[in-house]
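Visitor: Show me how the following folds:
(one chain, ligands or ions: 1)
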Amino acid sequence: MTLVTSPEAREWWEAAKNRRLLVQSCRTCGHRQHYPRALCLRCGGVDLGWVEASGGGTIYSFTHSHRSPDPAAFEPPYTIAIVTLDEGPRLLTTVTGPGIRCDARVRLEWRAAEGGQNLPIFATEPEEG
Ligand SMILES: [Zn+2]
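Guide: Reported below is the predicted structural model:
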């Protein structure tokens, strides 16, 4: 699997190598967004920085896939999910663990990929009670 990235996302991928999940943050209006872009989606500003995500989130939506474009990397069946980070932005990712459902709490984990890269994935948190 070859990683193709944009100039705006280079710093994000470098941080991911070190298992740090960054969220792009606008210094003009405070808006946070993912994926990294050249402009703020809210105000159009170009003064963009980063905040480190806490690693917590909730499942916004998900599907189970029984086919994989790369079975060595993602052995089917696996779960593809959109996770809403506690910082606000949503991230397309994979989720593991029991109790996968919308609004379930998840916690960041990392999966090693080729070339020393790490990919953010999520696991469900144990249900309370
Ligand atoms: Zn902005």
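Visitor: Low-confidence ranges, the chain, go.
Guide: 1-3, 129 (pLDDT under 70).
Visitor: Which parts of it are strands?
Guide: For the chain, the strands defined by DSSP state E occupy 22-26, 32-33, 48-52, 56-65, 78-85, 90-96, 105-112, 118-124.
Visitor: Could you save those strands as JSON lines and add columns showing mean neighbour count?
Guide: Every C-beta, even on glycine, is put in place using the N, C-alpha and C of the backbone. Listed next are the strands of the chain as JSON lines, based on neighbours: other Cβ atoms under 10 Å:
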{"stretch": "strand 22-26", "mean neighbour count": "21"}
{"stretch": "strand 32-33", "mean neighbour count": "19"}
{"stretch": "strand 48-52", "mean neighbour count": "14"}
{"stretch": "strand 56-65", "mean neighbour count": "16"}
{"stretch": "strand 78-85", "mean neighbour count": "20"}
{"stretch": "strand 90-96", "mean neighbour count": "18"}
{"stretch": "strand 105-112", "mean neighbour count": "16"}
{"stretch": "strand 118-124", "mean neighbour count": "19"}
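Visitor: ok now do the residue most central in space within the chain, which residues does it touch?
Guide: Against the mean C-alpha coordinate of the chain, by Cα atoms, centre = their mean, the closest residue is L91 at 4.1 Å. By Cβ atoms under 8 Å, 6 or more residues apart in numbering, the contact set of L91 is 34, 57, 82-83, 85, 120.
Visitor: Let me have these in JSON lines, extended by distance to P69.
Guide: JSON lines is the format used below for the contacts of L91 (distance: Cβ to Cβ, whole Å):
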{"residue": "H34", "distance to P69": "22"}
{"residue": "G57", "distance to P69": "24"}
{"residue": "I82", "distance to P69": "18"}
{"residue": "V83", "distance to P69": "20"}
{"residue": "L85", "distance to P69": "25"}
{"residue": "P120", "distance to P69": "18"}
